[in-house]
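1. no letters, just coordinates:
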């Protein structure tokens, strides 16, 4: 038996009303009810909030006044549907993204529906309007649309190639830049497997990256790889691959971003070749070169420099300061380390023209000239490069020159100094007995009584190039210039050329007029030769030290017909080459074009170097110029294996000087 009490029809009606009222007010949507005349009879709390109308004020008002809506785009009013049509329609009219203007002027984007209110016997009693605030929803949808548009614009107009791939490696979506990079049209690329375009040598690494993504080991990977374009040319790219996963972490699709680095790779290849050439040049340089890194450790030492380090074991990577203390006494080692650290910290270069110190390791004297500079290293740090030359031969030669000068002074004091004394009033001249020994010719008998005759004899023996200067000096001498000096050459009767240094002074009389001139003639031939020898030694030293001034060129063997003459083409040549060879712009020309008379042994030498890889030092005399060249040639280790680098210098003067000595 039911515990529900018996209810009268009136009580049941009241209960229904209470239930409907509770539902009406608790609804999450805004609800407005009207009568048949379109006047508001009820509105719930949500409708009150959105319209801004209190129920007490809203009841009895026209629905158009309370629910003031306009088209969101055109701003034109939206009229509610006719009740007659609403009653007859089977489809409830709806509002889609209309703009509701509240009583305070605030605007809301709303969506809603109109439906008729019917009695239990299906009589239309009024209208029920249910609507909701869609402002946030519309904003979110607009943002989503804008985001999608931005994504599409980014995808299609990106300066890099972008492609979506299926989990099995087929292209699902491709942007224009990716198609341009590979040289295909978009339809040609879609659903094609990426392996079709991948260089075989890069395929394994590429597949390994995808496999790790599929296994969940990584979220992305990056690599440099080669594509084979439609025209079969090679395209180097920087490839970065990520993926989009489902909620269960299974891969939906891959995203690949491709950046063209072909030009960078070409530059890197050129730089690599240049670096290898520079490395070979450094190793072949006729002076010492070594590098110290930022941590003050020895980074590189060329073969010429190794003996200077006393063949210290495990030299590369050792502390430079420690090695210096192994070579030099403590004070000198500290001084060298201080100079190197100063250059490393400040960038200030240092040049030491001569360092003569006793070595600790060999107990012998070391003779060096060196200079250091700060340079950038490949790891974006700074280091110090040192160029040095063993100048022991030069220093010893200088010692010999000093000894020669001492002997020259001794000889001059004893036998190679003579003089001429002239009475300016009478013209009488006097010379001592050793005049002929010093000057190389016997003065005329009349010289003792006639200075003018002696002057002509002197001029007859002066080397023609020096005669104008001597004539000017003689004029000054006879005119009584107080003091003077001139160096000149005379060719003696024995056909020996002598350098003479003449100094004179004038004696003045009581009226300050010149009355006597006195001139000393000193044979300075030995000294001049010593100066020339010293100059030549200095020139050799600086030529070696500044090796970049030596002639340098790279030759490439030219393919010729069977039985044709061997030839080499100049790939490049430095300014010193063009200066010494006297032929500008040789790049691109062959040896036979530039030097048609060059003997065949040149070609055979270069060909042997290419075949064996062994460097060769040799000398060649150029005819008919009679120039002597000293050359060092070695094979350029590049992918052609057909190139030879040649370092040379013109040693003609040295040869002539050596022959003269």
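-> Now that the structure is in, tell me what you want to look at. Remember, it's a predicted structure, so these values are computed and weren't measured experimentally.

2. please report how far residue 621 lies from residue 574.
-> 22 Å (CB to CB, to the nearest Å). For every residue, glycine as well, the C-beta is placed using N, CA and C.

3. pick out whichever of the two has more residues nearby.
-> The residue with more neighbours, out of residue 621 and residue 574, is residue 574; 16 against 12, by other CB atoms under 10 Å.

4. confidence score at the nearest residue to the more buried one once chain neighbours are set aside?
-> Nearest non-adjacent residue to residue 574, counting by CB to CB, 6 or more residues apart in numbering: residue 552, 4.6 Å away. At residue 552, the pLDDT value in this model is 85.

5. would residue 552 count as being in a strand?
-> Yes. Secondary structure assignment places residue 552 in a strand (DSSP: H, G, I helix; E, B strand; the rest coil).

6. so it sits right up against residue 577, yeah?
-> Yes. Counting by CB atoms under 8 Å, residue 552 touches residue 577, with 6.0 Å between them.

7. pull up the overlap in contacts between these two.
-> residue 648 (CB atoms under 8 Å, 6 or more residues apart in numbering).

8. what is the residue nearest to residue 574 paired to in the beta sheet?
-> Here residue 552 shows beta-bridge partners residue 647, assigned using DSSP bridges.

9. just list the residues touching it, thanks.
-> 281, 573-574, 576-577, 645-648.

10. contacting residues around residue 498?
-> By CB under 8 Å, 6+ apart, the neighbours of residue 498 are 438-440, 489-492, 523, 525.

11. among the residues you listed, which one sits closest to residue 52?
-> Among the contacts of residue 498, residue 489 lies closest to residue 52 (CB to CB), at 120.2 Å.

12. gap between the closest one and residue 265?
-> Noted for residue 489: a distance of 65 Å to residue 265, by CB to CB.

13. now residue 40, what's its secondary structure?
-> Going by three-state DSSP: residue 40 is strand.

14. report the beta-bridge partners for it.
-> Taking DSSP bridges, one obtains residue 34 as the residues bridged to residue 40.

15. isn't it up against residue 57?
-> No. Counting by CB under 8 Å, residue 40 stays clear of residue 57, with 9.7 Å between them.

16. residue 262 and residue 67, how far apart?
-> For residue 262 relative to residue 67 (CB to CB), the value is 66 Å.

17. these two: which is more packed in?
-> Comparing residue 262 with residue 67 by other CB under 10 Å, the one with more neighbours is residue 67, at 28 against 15.

18. pretty sure the more buried one sits against residue 31.
-> No. The criterion here is CB under 8 Å, and residue 67 misses it with residue 31 at 11.1 Å.

19. what sits in contact with each of those two?
-> Counting by CB under 8 Å, 6+ apart, the common neighbours of residue 67 and residue 31 are residue 129.

20. strands along the stretch 201-350 of the chain, start to end?
-> 221-228, 234-245, 251-260, 288-292, 298-301, 350-358 (DSSP state E, counting those that start in this stretch).

21. let's have these in JSON lines, adding distance to residue 484, mean neighbour count and mean pLDDT.
-> What follows is the strands of the stretch 201-350 of the chain, written out as JSON lines (distance: least, CB to CB, whole Å; neighbours: other CB atoms under 10 Å; pLDDT from 0 to 100):
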{"stretch": "strand 221-228", "distance to residue 484": "78", "mean neighbour count": "17", "mean pLDDT": "95"}
{"stretch": "strand 234-245", "distance to residue 484": "76", "mean neighbour count": "17", "mean pLDDT": "93"}
{"stretch": "strand 251-260", "distance to residue 484": "78", "mean neighbour count": "18", "mean pLDDT": "92"}
{"stretch": "strand 288-292", "distance to residue 484": "48", "mean neighbour count": "21", "mean pLDDT": "90"}
{"stretch": "strand 298-301", "distance to residue 484": "56", "mean neighbour count": "19", "mean pLDDT": "90"}
{"stretch": "strand 350-358", "distance to residue 484": "35", "mean neighbour count": "13", "mean pLDDT": "89"}
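
22. just so I know, which of these lies nearest residue 591?
-> Proximity to residue 591 (CB to CB) singles out strand 288-292 among these, at 29.8 Å.

23. contact partners of the closest one?
-> 282, 298-302, 304-305, 308-309, 320, 340, 344, 370, 375, 377, 383-390.

24. try it again at 6 Å.
-> Outside strand 288-292, the residues within contact range by CB atoms under 6 Å, 6 or more residues apart in numbering are 282, 299-302, 304-305, 308, 320, 383-388.

25. element containing residue 420?
-> If you go by DSSP states H and E, residue 420 is part of strand 417-423.

26. that older thread, just the ones of the contacts of strand 288-292 in helices?
-> Judged by DSSP state H, the subset of the contacts of strand 288-292 located in helices is 282, 320.

27. of the contacts of strand 288-292, just the buried ones, PyMOL syntax please.
-> Here is the PyMOL selection string for the buried members of the contacts of strand 288-292, based on 16 or more other CB atoms under 10 Å:
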select buried, resi 282+299+300+301+302+304+305+308+320+383+384+385+386+387+388
